[in-house]
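> Sharing a model prediction with you, sequence too.
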Amino acid sequence: MLSMIWRTIRDRKLVIAIYIIVTLAFLLMYVAMFPSFASQQEQWDQMLKSMPPEMMKAFNLQDYSFAHLENFLSAELYSITWPLFLIILAISTAGAAIANEIEKGTIELLLSVPISRTKLFISRYLAGALTILVFVALTIYAAIPLAKIFNIEVQIRNYSSLALTAFLFGLAIFSIAMFLSAMFSERGKVYFISAGIIVLMYVANIVATLKEKYADLRYLSFFHYFDAVKILIHNELDKVGIWVFLGVIIIFALAGLIAFEKRDIAT
Amino acid sequence: MPTTIEIKNLKKHFGKVKAVDGIDISVERGEIFGFLGPNGAGKTTAIRCMMDFIRPTAGEIKILDKDAQADSEVLKSDISYLPGNVRLYDSWTGLDHVNFCESFGGKKSAARELAKQLDLDLKIKFHHLSSGNKQKLGIVLALMKEPKLLILDEPTLALDPLLQNITHHLLLESGEKGTTVFISSHNLSEVERICDRVGIIKAGKMVAVENIKNLKEKRMHTVTATFVDNFKLADFKVPGVDKIEEIDGTLIIKTKGEINPLLSELAKYQLKDLEISHATLEEIFLEFYGKR
């Protein structure tokens, strides 16, 4: 099984490296930009106050400020761009894990060697989880040494809270996509349906923020539980969110395993 | 004689389509068993059930006295599988594939030896290989394990006659070493050449299980001969000749079974042209198994 995990990661090492390098480049850019914004903090804060409050609320920018690096990074990077990279990485990793193997016919090689379907699924799942863990750890904790280079103060504990929630957020998306990958024989379907679910969650969260009567919709959205602003600025861990992510991870990972065990695999 | 494969009442239905509909097969240890049938007869579906890629609707498959589904993981240490259209990882070299199979019990030294025999360069990436070389790599991966059972699904489909010969030779060699070989084909002459027994499948049902001698008696040829001089039609009414037709001085003769008596008669004449073709599997099925 270890050999299967290692080979899965080895095959995707270039893709993983590209995602990490591009995200680190964004992080470097924002950290490098921060001192110049911070020096004009008052003017920027005044400008932000003139923005429509509903819009700022909808896009979770109420705490947008240049007072601390965490305020800046949580709004500029970890609320939209960074989750987008993580979502794409999670879905593409899951799509490649099973559905792409069936689509390309290479699954026959994997099913011909002495490894059970359960072990095959678990090894692919663990390889994906490890990929997400490496991406999350590198692209969040890298902010700390980068901030030191630019003589910026950082709240180290807050980054650990963000990394934990972000890992569970990524793993929950990966688990849903893995379930779909175990169900379908074309990776296109995995990408399309997974992306559709994420877009619906994002929209549900915005609608819930804007309209009081739809407020409960937010509980259906991962974006409600992964609030980079609350975590990185205030170090507030959403315990309910963590349980929701853990529940989704367990349910969809098991459902994917059962679906893969039971299905016919014809290439 | 202990059996390697024991299939009882195997059924695989896809909705209303009965791809395999109640077949029984028994293959003895060390036997080379041909699984013959036209395209769409259910050969690949039956093989996929044996390999546990797909799950039967009903029936039982025992391989090496173990259940093909429940004991799939253990069984695959002793089984090698080769499809007709080998699909492997484009970005991997042959050696990467060999290393991968080695980590699951394959023997690298055997792979290198086979690659040498097949004149295959293992350093080339899979997507740079020609279709013939891709199939060669599939053969290397299947045989490097030195399995107890080789399951091959139309393995020579993409190969030229020379490579087909080499593959047949390797399969016969495996058979001599005690490996049981289960080979599906729609090529009658291939099956005749290497198999001990043949199971014939048509529309998802087993039509017959024949030993190879019986099958050879069912060979059909069409002989087209154009003569330099006059000929006597009666000379060609010899054993094995089924039907004779004359068109503008050319004889079209249909034979069943032994062809040599006819060839002996033809050799007595000066010929302008001679063409001998095998009957297609469909024609043979229609002739011998059509009414079953």
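That came through fine. All figures in this text were calculated on a predicted structure; none of them were measured in a lab.

> Which element is encountered next along the chain beyond the helix or strand that A:Gly188 is a member of?
A:Gly188 is part of helix A:187-210 when elements are defined by DSSP states H and E. Using DSSP H and E, the helix or strand that directly follows helix A:187-210 along the chain is helix A:222-225.

> CA-only coordinates of that following helix, as PDB, when you get a sec.
Taking C-alpha atoms only, helix A:222-225 is exported to PDB below (Å, rounded to 0.1, in the frame of the first residue of the first chain):
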ATOM      1  CA  PHE A 222     -18.400  25.100   3.900                       C
ATOM      2  CA  PHE A 223     -17.500  28.800   3.500                       C
ATOM      3  CA  HIS A 224     -19.500  29.600   6.700                       C
ATOM      4  CA  TYR A 225     -17.300  27.300   8.700                       C
END
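
> on contacts alone, who are the packing partners of that helix?
helix A:156-183, helix A:187-210, helix A:239-262 (3 or more C-beta pairs under 8 Å, 6 or more residues apart in numbering or on different chains; DSSP states H and E). C-beta here means a position set from N, CA and C on the backbone, and glycine is covered the same way.

> deepest of those helices, which one?
helix A:156-183 (a mean of 23; mean count of other C-beta atoms under 10 Å in any protein chain shown).

> returning to that earlier point: in a markdown table: the helices and strands packed on helix A:222-225, plus mean pLDDT.
A markdown table is the format used below for the helices and strands packed on helix A:222-225 (pLDDT from 0 to 100):
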| stretch | mean pLDDT |
| --- | --- |
| helix A:156-183 | 95 |
| helix A:187-210 | 93 |
| helix A:239-262 | 95 |
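
> Switch those helices over to CSV; also include distance to B:Asp119.
Listed next are the helices and strands packed on helix A:222-225 as CSV, based on distance: least, C-beta to C-beta, whole Å:
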stretch, distance to B:Asp119
helix A:156-183, 39
helix A:187-210, 36
helix A:239-262, 39
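
> Now render the ones you listed as CSV, adding distance to chain B.
Listed next are the helices and strands packed on helix A:222-225 as CSV, based on distance: least, C-beta to the nearest C-beta, whole Å:
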stretch, distance to chain B
helix A:156-183, 15
helix A:187-210, 15
helix A:239-262, 8
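
> Of all these, which one is nearest B:Val17?
Closest approach to B:Val17 among these is made by helix A:239-262 (19.9 Å; C-beta to C-beta).

> Need the contact partners of that closest one.
Helix A:239-262 is contacted from outside by A:98, A:117-118, A:120-122, A:125, A:164-165, A:168-169, A:171-172, A:175-176, A:178-179, A:181-183, A:222, A:224-227, B:55, using C-beta atoms under 8 Å, 6 or more residues apart in numbering or on different chains.

> what's the least confident helix or strand in chain B, going by average pLDDT?
helix B:281-284 (a mean of 68; mean pLDDT, DSSP states H and E).

> Find the closest residue to chain B in chain A.
Here chain A gets closest to chain B at one residue, A:Gly105, 3.3 Å apart by C-beta to the nearest C-beta.

> mind checking pLDDT for the residue of the stretch 1-150 of chain B found nearest chain A?
Going by C-beta to the nearest C-beta, chain A is nearest to B:Arg87 of the stretch 1-150 of chain B, at 3.3 Å. At B:Arg87, the pLDDT value in this model is 92.

> Same check on A:Thr81?
Per the predicted model, pLDDT is 90 at A:Thr81.

> which SS class is the spatially closest residue to it that is not a sequence neighbour?
Nearest in space to A:Thr81, with sequence neighbours left out and distances taken as C-beta to C-beta, 6 or more residues apart in numbering or on different chains, is A:Phe26 at 6.1 Å. Following DSSP: H, G, I helix; E, B strand; the rest coil, we place A:Phe26 in the helix state.

> Please name the residues that touch A:Phe26.
Counting by C-beta under 8 Å, 6+ apart, A:Phe26 touches A:Leu77, A:Thr81, A:Trp82.

> ditto for A:Leu220
If you count contacts by C-beta under 8 Å, 6+ apart, A:Leu220 has them with A:Met201, A:Ala204.

> what does A:Leu162 give?
Applying C-beta under 8 Å, 6+ apart, we find A:Leu162 in contact with A:Tyr78, A:Ile140, A:Ala228, A:Ile231, A:Leu232.

> Assumed the last one was part of a helix.
Pointing back at A:Leu232 there. Yes - the assignment for A:Leu232 is a helix, going by three-state DSSP.

> Helix or strand: which one has B:Leu171?
For B:Leu171, the host element (DSSP H and E) is helix B:161-176.

> now for that helix, which elements pack on it?
Applying 3+ C-beta pairs under 8 Å, 6+ apart, we find helix B:161-176 packed against strand B:32-36, helix B:108-117, helix B:131-143, strand B:149-153, strand B:180-185, helix B:188-194.

> ok and the fourth one relative to strand B:32-36, angle-wise?
Looking back up the chat, that one is strand B:149-153. For strand B:149-153 against strand B:32-36, the angle by axes from the mean of the first three to the mean of the last three C-alpha atoms, to 10 degrees is 20 degrees.

> likewise the third one?
The directions of helix B:131-143 and strand B:32-36 differ by 130 degrees, with the same axes, to 10 degrees as the criterion.

> Mind giving me the packing neighbours of helix B:131-143?
strand B:79-83, helix B:94-102, helix B:108-117, strand B:149-153, helix B:161-176.

> try the fourth one
Using 3+ C-beta pairs under 8 Å, 6+ apart as the contact criterion, the secondary-structure elements in contact with strand B:149-153 are helix B:43-50, strand B:79-83, helix B:131-143, helix B:161-176, strand B:180-185.

> Tell me the strands beside the second one, with direction?
Spelled out, that is strand B:79-83. Applying DSSP bridges, strand B:79-83 is found paired with strand B:149-153 (parallel).

> For the stretch 1-150 of chain A, give me the ranges with low pLDDT.
Judged by pLDDT under 70, the stretch 1-150 of chain A has its weakly predicted residues at A:44, A:48, A:55-65.

> how about the helices of it, start to end?
Remark: helices assigned in the stretch 1-150 of chain A by DSSP state H, counting those that start in this stretch are A:2-11, A:13-39, A:41-49, A:53-58, A:69-76, A:81-97, A:99-104, A:107-112, A:117-141, A:143-149.

> Let me know the pLDDT of B:Arg292.
Listed pLDDT for B:Arg292 reads 45.

> which one is residue 86 nearest to, not counting chain neighbours?
As the question left the chain open, I've gone with chain A. Leaving aside its sequence neighbours, A:Leu86 sits nearest to A:Gly170 (C-beta to C-beta, 6+ apart; 4.8 Å).

> that's the wrong chain, I wanted chain B
Spatial nearest neighbour of B:Val86, excluding adjacent residues (C-beta to C-beta, 6+ apart): B:Gly138 at 3.4 Å.

> what's around that neighbour, how many residues?
By the criterion of other C-beta atoms under 10 Å in any protein chain shown, B:Gly138 has 25 neighbours.

> same thing with the one 4 residues further on?
When counting by other C-beta under 10 Å, one arrives at 25 neighbours for B:Ala142.

> hang on, isn't it packed against B:Tyr81?
Yes - using C-beta atoms under 8 Å, B:Ala142 and B:Tyr81 qualify as a contacting pair, with a distance of 6.6 Å.

> joint contacts of those two?
With C-beta under 8 Å, 6+ apart, B:Ala142 and B:Tyr81 have common neighbours B:Leu152.

> Looking at the stretch 151-292 of chain B, what residue ends up closest to chain A?
Of all residues in the stretch 151-292 of chain B, B:Ile151 sits closest to chain A, at 9.1 Å by C-beta to the nearest C-beta.

> sorry, back to before: got CSV for the helices and strands packed on helix B:131-143, with mean neighbour count and mean pLDDT too?
Formatted as CSV, the helices and strands packed on helix B:131-143 follow (neighbours: other C-beta atoms under 10 Å in any protein chain shown; pLDDT from 0 to 100):
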stretch, mean neighbour count, mean pLDDT
strand B:79-83, 25, 92
helix B:94-102, 20, 92
helix B:108-117, 16, 89
strand B:149-153, 23, 93
helix B:161-176, 16, 87
